[in-house]
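Q: Okay, predicted coordinates and the sequence, questions at the end:
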Amino acid sequence: MSRNDEQNKNQEVREKVRAGYASIAVAKPQVNDSGCCSGTSCCGADSADDATALASAIGYASQDLASLPDGANMGLSCGNPTALAGLTEGEVVVDLGSGGGFDVFIAGGRVGPTGRAIGVDMTPEMLSKARRNAATYRERTGIDNVEFRLGEIEHLPLPDNSADVIISNCVINLSPDKDQVWREIARVLKPGGRVAVSDLALVQPLPEEISSMVEALVGCVAGAVLISETERMAKEAGLTEIVLERKGDYVDAMTSWNDPLYAKIAAALPGGAKISDYVTSLNVSARKV
């Protein structure tokens, strides 16, 4: 494939993801031509109760969930990077693919009035939602320490060496150029800074027939890469102290909750196989020297 063709294909993927997440931001998600989906998954929850149940199942504290602005939690998580990050007062934390601001608002409470929580998202509709939610956050907390910037995670609108911590929740798998995302993470982190990512990853390659079906239905799984690939990308970006923790129970929970897309994928797998035999939620932590 020529460089031109590759760039065109990558842009196609971005537009597909942008369109899908725009529809989630402005309305109840439905399966649509953009490749995003409905149901409690990384493409959005059907209801606030579903979104809360998902967040509780993957380790978010009930007091954090109760304090969020209405609509900030849209069931787009596949892990809890704010807990993984161990945030402290006064730190600058950046959330890649911040959506409605879910993890940014939790991070803002952790870093306090002397810290800063910055969300980056490429979907204007999500950004508008997050900024509306930010007004509620400021009213409830009395703290003005969050902001949201429009941008692609492959080209972060942030200067070099400016963040203490970078987090991301079920977003990097959607990028068509994951190597570039990891290079950007390393660029923006301060020396000694750390990264805490929760993402979907492959334990083993998806069967070809499943892969093509998934591509059409749910880009959040189709875009996932092997765990070893994630480690390679972080290492080649210059990060160290890389720790990878598999959380297959998240994917099993999605199947048992009868998410329609996960159920359809599960039905097409070889006899006796589970989705978690192929796909896992992965916690990634690392540090910049």
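A: Thanks, I have the structure now.

Q: Packing partners of the biggest helix by length in the chain?
A: Using DSSP state H to define each element, the chain has its longest helix at helix 3-26. Helix 3-26 is packed against helix 124-141, helix 219-222, with contacts defined by 3 or more C-beta pairs under 8 Å, 6 or more residues apart in numbering; DSSP states H and E. In short, each C-beta sits where N, CA and C put it, glycine included.

Q: relative to helix 124-141, how tilted is it?
A: Helix 3-26 runs at 50 degrees relative to helix 124-141, counting by axes from the mean of the first three to the mean of the last three C-alpha atoms, to 10 degrees.

Q: going forward can the numbers begin at 464, since that is how I track them
A: Done: numbering now begins at 464, and the last item shifts to helix 466-489.

Q: Now helix 466-489 - C-alpha only, PDB.
A: In PDB, the C-alpha atoms belonging to helix 466-489 read as follows (Å, rounded to 0.1, in the frame of the first residue of the first chain):
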ATOM      1  CA  ARG A 466       1.800   6.100   1.700                       C
ATOM      2  CA  ASN A 467      -1.000   8.100   0.100                       C
ATOM      3  CA  ASP A 468      -3.400   5.100   0.200                       C
ATOM      4  CA  GLU A 469      -2.400   4.500   3.800                       C
ATOM      5  CA  GLN A 470      -3.200   8.100   4.800                       C
ATOM      6  CA  ASN A 471      -6.500   7.900   3.000                       C
ATOM      7  CA  LYS A 472      -7.400   4.700   4.800                       C
ATOM      8  CA  ASN A 473      -6.400   6.200   8.100                       C
ATOM      9  CA  GLN A 474      -8.500   9.200   7.500                       C
ATOM     10  CA  GLU A 475     -11.500   7.000   6.600                       C
ATOM     11  CA  VAL A 476     -11.200   5.200   9.900                       C
ATOM     12  CA  ARG A 477     -11.000   8.500  11.800                       C
ATOM     13  CA  GLU A 478     -14.100   9.800  10.100                       C
ATOM     14  CA  LYS A 479     -16.000   6.600  10.800                       C
ATOM     15  CA  VAL A 480     -15.100   6.800  14.500                       C
ATOM     16  CA  ARG A 481     -15.800  10.500  14.600                       C
ATOM     17  CA  ALA A 482     -19.300  10.000  13.100                       C
ATOM     18  CA  GLY A 483     -20.100   7.200  15.400                       C
ATOM     19  CA  TYR A 484     -19.100   9.000  18.600                       C
ATOM     20  CA  ALA A 485     -20.800  12.200  17.400                       C
ATOM     21  CA  SER A 486     -24.100  10.200  17.300                       C
ATOM     22  CA  ILE A 487     -23.400   8.900  20.800                       C
ATOM     23  CA  ALA A 488     -22.800  12.400  22.100                       C
ATOM     24  CA  VAL A 489     -26.100  13.800  20.800                       C
END
